[in-house]
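A.B. asks: Sequence first, then the predicted structure:
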Amino acid sequence: MTDRIKKLRETLKERILVLDGATGTALGDVANTPEPFGGEQYEGLYEALNIHSPELVLHLHKTYIDAGADIIETNTFSGSSIVLEEYGLESRTREINRRAAELACEAIKKYGDGKPLWVAGSMGPSTKTIQVTGGIDFDGVIAQYTPQILGLIEGGVDYLLVETSQDTLNIKAILQAVEAANKELGTDTPVSVSLTIETTGTMLAGQNIEAAVYTLSAFDLLYLGLNCATGPEFMTDHLRTLAELYPGFVAVVPNAGLPNTEGEYDESALQLSDTLQLFAKNGWVNLVGGCCGTTDEYIRMINEKVTQFEPRVPPKIIDKSATAGSEALILEEDNRPVLVGERTNVIGSRKFKRLVTGNRFEEAAEVGRSQARGGAGILDLCAANPDRIEVDDFLNILKPLLRKTRTPIMIDSTDSEVIEEALKNIGGRAAINSVNLEDGEEKIREVAALAKKHGAVLIVGLIDEDPDQGMAITVERKLEVAGRAFDLLTKELGFDAGEIIFDPLVFPCGTGDKNYMGSAQETILGVKAIKEKFPRSKTILGVSNVSFGLPREGREVLNGVFLYHCIQAGLDYAIVNTTGLKRYASITEEERELCLDLLNNTRKDAIERFANFFREARPTDEAKVKNMPVKERLEYAVIEGVREDLIKNLDKALKKDNPLDIINGPLMDGMAIVGERFGANQLIIAEVLESAEVMKAAVSYLESKLPEGEKSESRGKIILATVKGDVHDIGKNLVDMILSNNGYEVINLGIKVPPAKLLEAVREHKPDLIGLSGLLVKSAQMMVATAEDLHSAGVDIPIIVGGAALTRDFTLTRISPAYDDIVFYAEDAMKGLTLCHNLQDPVEREILYESWREIQKERLEKYNKKIKVKPVIVPKENIGWREVDIPSAPDHEIHLYEPEDLDEVFSFINKKMLYGKHLGLPRPEERLTDEDDKQAQKVLKAVNRVKEEAKSGDWFKPKALYSWIETWSKGDNLYWNYNGSRIELNLPRQQRDSFLCAADWVAPEGKGDSIVMFITTSGKEPNEIALRWKDEGRLLDSFILQVLAIESAEALAEIVHQKIRKEWGIPDKDDITLKEIFKSKYHGVRLSFGYPACPDLEDQTKLFDLLKPEKKIGVRLTSGFMMEPEASVSALVFHHPDGHYFRAE
């Protein structure tokens, strides 16, 4: 690395740098006759000016240097040999680029006044790309850019800039050309990439920003940016995503808006710089500049408005295990295991092989599309047929497959030629399946080099050259082979641990082969052991092999049971037939027992019993049809939530009325009364859900009786979404249930919904209303950004927001102004229903808007006065640590705590939260003990029913991790040591009252003080079961289970905190009550991230680094630093007696 690049990297950390503006725009104004170009044959080729009119190029660079640009780009945007060939100048490519670089270097020496300035070697797209236009291949791209790269490096550029990039496959080829050129010249010139995202939301080759980021993060870039295509406003969401994800520096270089009908750019320098200023203010950029339509005036204004802000601080990590097709596949706890489509394999699928051998490649690719639609997150493609040329078949299938699907590709081949040619045709980030040590290290080194060169993820099969036990069957052998491969790849070959996927191998357990008896259990244990030893690496299994040789009827059942237990062990990827996968929940207890006997080898006759059972024809259980009462009791059934005799009642009603009259008559009337009673506090949420269950069942039945093409009338269409960065969806799902069963058509977009996806849904579905949900403070800020983006896109649909982080004041003073219209706030689901009703009624709507505008006017006046308050100067006296006796930490180990039974956890549940906040029962503590209180007893019975079901299964297993950490304080910071580094945690100080800061509760360095970090969770399984119950119509049970899981995690937090106090030597008094515990009437305090005294969620990564809950208890952080599963709690525990909750504001 040169001193100039070292200086550039250092400067990028210190301030935002400014790139120059458009080249063609400026040169076109002065070179408007053939002469400057060297004649008519070169007219319009601005690169010709480098050799025929260098003074014009020098002057251009001067204007940008004078305007304040820190980085000058060479006049070589179209300087590749394939473009110059059109002018007959391909033989002078190296010369033209070298001269352009020399001119830029001359300009900064001549006009830079000694300031630190740098030269970027500009390389724009050529007239051909591999995926967009065709007509060129990977090696052809390398060939067309190599002379340009050599010339730019020889001319002295500081770094190379691949800009206006529209095809990631082209980018990867250019990066290889750069590597080769550096090797030839003995240099190490770095390279940056700038992507172009079209108005469609993707690059021209089809990749979205997430896919491009994860693809290019495999390469060492100076920075990654966005440029061209659009003006800055359209770049907002893409830039936000890039800034959140990319672990290096980020640039944004927009056009001066979009071109008008005359091909001119209308956005002024002021408009452009204002938007870039907003990007800088948001902390999204390290470099800014101008593309098409910008001039030195733009750069001067950008410099004035943007460089005053601090540069973006890149995130420290990115998920190195992510793969990508046109879309990224990020392995998260909520999508584990990723299903790998196995039918695009000539070895495993007769149909696929038949299509390939018949040269019916388009139809073969359709098999892949079917697998993707069936739930495959990545497609395993294998064309290994000894009777055919594998590389030809692979590419013939791959090309249409890439057009038909957006999923990543797993290259299933052991042939290096096939692997390399496949990688030269995949624009995203592929996985290679697989390598092993069967022939020693030579082969794995060869394939690993290809993976590294093309940025692919590597699957390692646990096989070595041992002549007797090469295929690792036992756990011990699996770990031995995995460890050897891991050391080779990470210590010698430069792989990140996240770029390695281990295949612990699956053997058939039903063939009678003694070698494989019990091997399935060894594989399950092997997955768990590998995840524990190599926590950042992933695991994959070819599931179907376990059932090889068994009756067809039982294979998918055995696969389903085996997969379930592998998932529990931590499996990340499962190669399965996604269209035939048997859900574990649908497998009977008898079938599970037969499977486990076989998998665990616990009975000698396990194979025989399994085979006999699945060869017999067994009748399936059918749901019993209940008789229903007469029509006039339908309304009562809805109001009271009574299902008994519902169908019989509906059948009788249908003899007199049509289905729509029944839905819009007694059923809707019943739900209207339910809403009124809830509003009058006569019903609680639990009872509303019971009524919704009856309504859903009745409407579903009646709709089946409607004539074909006819459907029930909708009260309106609403899109619901939990905003980007937020995984909490219990409240939103409750709203979904209530609205859906009150006549509304609901499009539920799920969690972590970015503004662009919401906007896309609005355009597609054309809703009447939008509902946004979010739990944390960060989510409230995201709602502001979402509202801004919707407003910028011209959306004016009424928005209703809700969630624990929101208030009516925040909605009216922050979200509404961002939307430039009233945004409505709903305290709970039923208030949301009422708002929907009113907004859909033209008269009520006007009244509602008028009243909310009056309230907003009042709130804004108060808010504006509040934000004008002068900053407070914190006094230095009376702050800091107050000396107390410091209890000794018993140890510094990581402790795993698993309650002996669920009753222990349930006994610590805060009834006020579970029954009061979530289920809506007023005064639950006193009412639940009153046996004559029918409403309370009904809710209690429902909760107990769910508790018993949870206790009877094996899927509700709360767990916790905790550890003492030696910690010290200095100022507003806490410090501790981890892996040889000092970790800092900044905690905010109050700006009023006592000027409190949680750091004050920890002693200064050298005192031997500690804090405790812990995490509790109810696991992901309760939420999965709850979603299944919802689909089955068990709406109340589904909701209870979700909130029970959340409150169980909170209860376990109380249990663990009490346990910590006892082990720390500061136990509770003997007669402490639960009520006192819930009010924190004990020694010390615990603080959770995201709350007022410890508000920064990103700091949670420090806790996760220490406790490593991902592998131990299955809790992970999302890209927004929120925990998944949602039913999880993390905290810092302080022993200091002054510790208490406060708001740091």
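C.D. replies: Here it is on my side, so go on.

A.B. asks: With just CA atoms, put stretch 499-516 into PDB.
C.D. replies: Listed next in PDB are the C-alpha coordinates belonging to stretch 499-516 (Å, rounded to 0.1, in the frame of the first residue of the first chain):
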ATOM      1  CA  GLU A 499     -17.400 -18.500   4.100                       C
ATOM      2  CA  ILE A 500     -17.300 -22.200   5.100                       C
ATOM      3  CA  ILE A 501     -20.200 -24.500   5.100                       C
ATOM      4  CA  PHE A 502     -19.600 -28.000   6.600                       C
ATOM      5  CA  ASP A 503     -21.400 -31.100   5.300                       C
ATOM      6  CA  PRO A 504     -21.300 -33.600   8.200                       C
ATOM      7  CA  LEU A 505     -22.700 -36.300   5.800                       C
ATOM      8  CA  VAL A 506     -25.900 -38.300   5.900                       C
ATOM      9  CA  PHE A 507     -26.000 -42.100   5.500                       C
ATOM     10  CA  PRO A 508     -29.000 -44.400   4.900                       C
ATOM     11  CA  CYS A 509     -30.300 -45.800   8.200                       C
ATOM     12  CA  GLY A 510     -32.800 -48.300   6.800                       C
ATOM     13  CA  THR A 511     -30.700 -50.500   4.500                       C
ATOM     14  CA  GLY A 512     -29.500 -52.900   7.200                       C
ATOM     15  CA  ASP A 513     -25.900 -52.000   6.700                       C
ATOM     16  CA  LYS A 514     -24.200 -52.300  10.100                       C
ATOM     17  CA  ASN A 515     -21.700 -49.600   9.300                       C
ATOM     18  CA  TYR A 516     -24.600 -47.100   9.200                       C
END
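
A.B. asks: Grab the longest helix from the protein for me.
C.D. replies: The helix spanning the most residues in the chain, taking DSSP state H as the definition, is helix 1035-1063.

A.B. asks: Buried residues in it, which are they?
C.D. replies: By neighbour count, and taking 16 or more other CB atoms under 10 Å as the criterion, the buried residues in helix 1035-1063 are 1035-1061, 1063. For the C-beta atoms, the positions are set from N, CA and C on the backbone; glycine is no exception.

A.B. asks: So which residues of the stretch 651-800 of the chain form helices?
C.D. replies: Under the criterion DSSP state H, counting those that start in this stretch, the stretch 651-800 of the chain carries helices at the ranges 659-662, 668-679, 685-703, 730-740, 755-765, 777-792.

A.B. asks: And the stretch 351-500 of the chain, by the same measure?
C.D. replies: Listed in chain order, the helices found in the stretch 351-500 of the chain under DSSP H, counting those that start in this stretch are 361-373, 390-404, 416-423, 442-454, 475-487.

A.B. asks: Present those as JSON lines; the columns should include mean pLDDT, mean neighbour count and distance to D809.
C.D. replies: Formatted as JSON lines, the entries for the helices of the stretch 351-500 of the chain read as follows, by pLDDT from 0 to 100; neighbours: other CB atoms under 10 Å; distance: least, CB to CB, whole Å:
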{"stretch": "helix 361-373", "mean pLDDT": "90", "mean neighbour count": "20", "distance to D809": "46"}
{"stretch": "helix 390-404", "mean pLDDT": "94", "mean neighbour count": "19", "distance to D809": "50"}
{"stretch": "helix 416-423", "mean pLDDT": "96", "mean neighbour count": "19", "distance to D809": "55"}
{"stretch": "helix 442-454", "mean pLDDT": "95", "mean neighbour count": "18", "distance to D809": "53"}
{"stretch": "helix 475-487", "mean pLDDT": "97", "mean neighbour count": "19", "distance to D809": "54"}
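
A.B. asks: Which other helices and strands does the helix or strand following the longest helix of the chain contact?
C.D. replies: Next helix or strand after helix 1035-1063 toward the C-terminus (DSSP states H and E): helix 1074-1078. Helices and strands in packing contact with helix 1074-1078 are listed as helix 1035-1063; criterion 3 or more CB pairs under 8 Å, 6 or more residues apart in numbering; DSSP states H and E.

A.B. asks: one step back: CSV for the helices of the stretch 351-500 of the chain, including distance to L505?
C.D. replies: Written out in CSV, the entries for the helices of the stretch 351-500 of the chain read as follows (distance: least, CB to CB, whole Å):
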stretch, distance to L505
helix 361-373, 23
helix 390-404, 23
helix 416-423, 20
helix 442-454, 16
helix 475-487, 7
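
A.B. asks: Looking at those helices, which is nearest to D188?
C.D. replies: Within the helices of the stretch 351-500 of the chain, the stretch nearest D188 is helix 442-454; the backing value is 16.9 Å (CB to CB).

A.B. asks: Can you tell me what sits against that closest one?
C.D. replies: Contacts of helix 442-454 with the rest of the structure, by CB atoms under 8 Å, 6 or more residues apart in numbering, involve 172, 176, 414, 416, 419-420, 423-424, 426, 430, 432, 435-437, 456-458, 460, 485, 488-489, 493-495, 499.

A.B. asks: Just the buried ones out of these, please.
C.D. replies: In terms of neighbour count (16+ other CB under 10 Å), the buried residues within the contacts of helix 442-454 are 172, 176, 414, 419-420, 423-424, 426, 430, 432, 435-437, 456-458, 460, 485, 488-489, 493, 495, 499.

A.B. asks: Which of those fall within strands?
C.D. replies: Counted as lying in strands by DSSP state E, out of the buried ones among the contacts of helix 442-454, are 432, 435-437, 457-458, 460.

A.B. asks: Closest one of the residues you listed to A26?
C.D. replies: Nearest to A26 among those is V457, at 43.7 Å by CB to CB.

A.B. asks: Contacts only, for the closest residue to that closest one other than its chain neighbours.
C.D. replies: The spatially closest residue to V457, leaving aside those adjacent along the chain, is A431, at 4.4 Å (CB to CB, 6 or more residues apart in numbering). Counting by CB under 8 Å, 6+ apart, A431 touches 323, 378, 408-411, 456-459, 501.

A.B. asks: repeat that for 10 Å
C.D. replies: When the contact criterion is CB atoms under 10 Å, 6 or more residues apart in numbering, the partners of A431 are 321, 323, 329, 340, 378, 380, 408-412, 451, 456-459, 499, 501, 538, 540, 573.
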